[in-house]
Every structure is written in C-alpha cells, then in structure tokens.
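Participant: the amino acid sequence is not available; the structure is as follows:
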C-alpha cells in the first residue's frame, strides 16, 4: 500500500493539514502558535475544515449537538451524509436521541468494576513483552514497536474474542483509517475492515462465546436485536479506538520519561505518584482529536462555520490552554487538580476511559518496575503518527538499568 504524497503546508492558520508529517512532529508548537495568533484555523483541504485551539471553543463545540453532528468523526475527503442519527460506528458517530440508547448498551462492559478483571491479564501481557525485550540482551530497543503497540492489541483482542495474532492486521486498519485517511491504497475487499469484521461476527454466530462480540449479538435495543451494521460498526469502534489511543498514550509517556530522569526517579521512589502521573500524561500528551460536521451554520471564535464543514476538536490543544490550566506548558507529575479533557467532553466523552487508564497505569508500573533507568537513544529516530491520534510509532530507547542488574 502507498500513502498519498502530502503537499507542503504554506500557513498553519489558513492551510493546515493534520495528516502531514510536519504536523505530527511539532503539533504542540503549532497549537500554541495558533492559540495566540489565529485560535480558529481553517484549511481548504478535505473539502474545507476548521481547527479551534482554545479550550473554550473546543468545549463549546463538544457540548453543542444542535449545531454539530457526530455523523462524521474522522476528517476525510469522503464526508458521511444521511447516516444520522445512527452513524456508521455507534455510539461515537451517533447523534441524539440514538446516541444515549446505543451508549447505554455498552456501559456495563466498560465500568470500573468490569475493568478490574482485565488488570491481571494486562499485567501479564506487559511482563511477557518485557521478558521478550530483556531476553534479546540489546541495549537499545524500540519501546513503541516492541512494547506500547502490543499491549492494547492483546487486551482488546481478548475482550472481543479475536485472535491476538491478528495484531498486524489491526495496525494496518489503523494506519489506513486514522493515520492517513484518503490515502492511495489499492485494496481488495478481502483486505478491508468490513470484510474482516463480517467474518468474525459470522464465526461468533456459529460458535457462540462469552466475549464482547457475543454480548452485542445478544443485546437488544428497545426490545429488538441490534442490526448487523450496528454490531459491525460498534466492534470497529472498539477495535480501532481501543488500540490506537492507548498505544499512543503509553508511547508518549515513555518518550517523556526517557528524557526526564527526575520524573523517572520520583516514580521509582514513590509508587503512590502513579495515579497523578497517569492523569498528567493524559493531559500533556492527550492523543485524540475528534471531528464533527457542522449541522447548522454557526459561529465559533469569531469565525462563521458553514453547514457541512468539517471541524476538528483537538482535545490535546485544549489541555495546554493557559487560560484554563495553571502552568499549562509544564508537565507536573504530581498535579492534583487536573480536569483534563483527554477523553473528550459532552455526551461523547470516551466510553473506554476506564480501560485506557488501567492499561496506561499498568504499562508504566510494570515498565518502571523492571526497567527503571532508560534514555532516548536517538531523537531523530522517533516518528510520530499522523492524523487524529498522535503518539510515537518508533521510539528507540537505551536501557541503562533493568531488574537483572539489580
């Protein structure tokens, strides 16, 4: 498969492209620049899109279901139309009143209590991966490719009842759908996400089991079984969103720790800091930018947004707004008041936040327990993902101390 060539960006205020490698490499700087000079940027790319960068504007849009539809949540050259209020991946693409009904079905499966049973399995996955890393005897390893990317893949695959060995297939879907939407991919139907999910859903029908897909097959909405498109869309959401967001958060956190010895030492010396650190990692390195389609012409930050325009909601930029957060541009590992919006705002606040928090904390705890000292081996070797989920895709770190040396 081959990605579409990205033309250079002339001006981030009037020609931004969130799928451009330059944006991926320096997004926080771009948000800061725009927040000060052009808080609601615009581009003609993707058929026209807007990028608000202030907390106030992002929050206003996220909480306004009248003027902004979730019918489309991934900016692309193809724009969904006529799919509301259900959308193609409910509940994230659903509008009221369908949204509340479709979300309610999933709430029990992602409650804090439900996540407790997945913590031991997550710790086991993390330790298996660290075993593999240390067994190589290598001083320099890729913390993204050899660790971060595998953890949510194995956990969500087990939750859904999918083969953990299909990780490369899942990552291919993520690349095409989230990192390079609209890319020039020559695909056979057999290589698409729809084909893959149709196969696994049919297999679950023929061989029922107790997992999330089985749960959806047995669920009802207003007394009726869920439709196959509804089930397929929801499984697609859980698979794609459940992997990329957490993978990115784990990788970004390790990237930070690889360059901040003082924070590494504090986590090693005081494990009670982990819950605070996790929230600050989520604030400072929030991975997710969502999108909306303007349902009715409106105004945001002094700009008139036309009906059917795309609007991006960069929650990471909102999390760094100095008008809302003290010391917004600093990573404060023990920050106590931390009402970040890494998981979004409004009715679409992330359903899987409990799972993501658990995976992130467990991944960092196990890594720091067994590899307490490490450093960035090659800053130029770090590659950040493009698109609406940002995290390091390659992260070369040098192991300075591990459990075997203790």
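Facilitator: Cool, the structure landed. The structure displayed is predicted, hence computed values, not measured ones.
Participant: and stretch 378-389, average pLDDT?
Facilitator: The pLDDT scores in stretch 378-389 average 95.
Participant: quick one: distance of it to the chain centre.
Facilitator: 14 Å (CA atoms, centre = their mean, to the nearest Å).
Participant: buried residues in it, which are they?
Facilitator: In terms of neighbour count (16 or more other CB atoms under 10 Å), stretch 378-389 has its buried residues at 382, 384-389. For the C-beta atoms, the positions are set from N, CA and C on the backbone; glycine is no exception.
Participant: could you do stretch 39-56 as well?
Facilitator: 39-43, 45-46, 49-55.
Participant: starting at the chain centroid, how far to that stretch?
Facilitator: In terms of CA atoms, centre = their mean, the centre of stretch 39-56 is set 20 Å apart from its chain centre.
Participant: now do stretch 238-254
Facilitator: Centroid displacement of stretch 238-254 relative to its chain, using CA atoms, centre = their mean, is 5 Å.
Participant: can you list contacts of stretch 292-306?
Facilitator: 39-40, 42, 48, 50, 52, 54, 57, 60-61, 64, 66-73, 79-80, 307-311, 313 (CB atoms under 8 Å, 6 or more residues apart in numbering).
Participant: break down the stretch 151-300 of the chain into its strands, ranges please.
Facilitator: Per DSSP state E, counting those that start in this stretch, the stretch 151-300 of the chain carries strands over the ranges 220-221, 224-225, 289-294, 298-300.
Participant: do the same with the stretch 1-150 of the chain
Facilitator: With DSSP E, counting those that start in this stretch as the definition, the stretch 1-150 of the chain shows strands at residue ranges 40-43, 49-52, 68-69, 140-142.
Participant: out of those, which is closest to residue 354?
Facilitator: Comparing those by their distance to residue 354 (CB to CB), the top pick is strand 68-69, with 25.9 Å.
Participant: which strands and helices lie in contact with the closest one?
Facilitator: strand 289-294 (3 or more CB pairs under 8 Å, 6 or more residues apart in numbering; DSSP states H and E).
Participant: could you tell me which strands sit next to the strand it packs on in the sheet, and their orientation?
Facilitator: strand 68-69 (antiparallel), strand 310-314 (antiparallel) (DSSP bridges).
Participant: figure out which of the ones you listed is closest to residue 162.
Facilitator: strand 310-314 (29.2 Å).
Participant: ok, residues contacting that closest one?
Facilitator: Looking at what lies outside strand 310-314 - CB under 8 Å, 6+ apart - the contacts are 18, 31, 46-53, 58, 61-62, 68, 72, 75, 79, 289-294, 300, 305, 344, 388.
Participant: ok, 6 Å please
Facilitator: Residues from elsewhere that reach strand 310-314, judged by CB atoms under 6 Å, 6 or more residues apart in numbering: 46, 49-51, 58, 61-62, 75, 289-292.
Participant: identify the residues contacting residue 352.
Facilitator: Neighbour list for residue 352: 110, 242 [criterion: CB under 6 Å, 6+ apart].
Participant: distance-wise, check it relative to residue 241.
Facilitator: Using CB to CB, to the nearest Å, one obtains 7 Å as the distance from residue 352 to residue 241.
Participant: with residue 366 instead?
Facilitator: Here residue 366 is placed at a distance of 23 Å from residue 241 (CB to CB).
Participant: what's the answer for residue 151, then?
Facilitator: When CB to CB is applied, the distance between residue 151 and residue 241 equals 15 Å.
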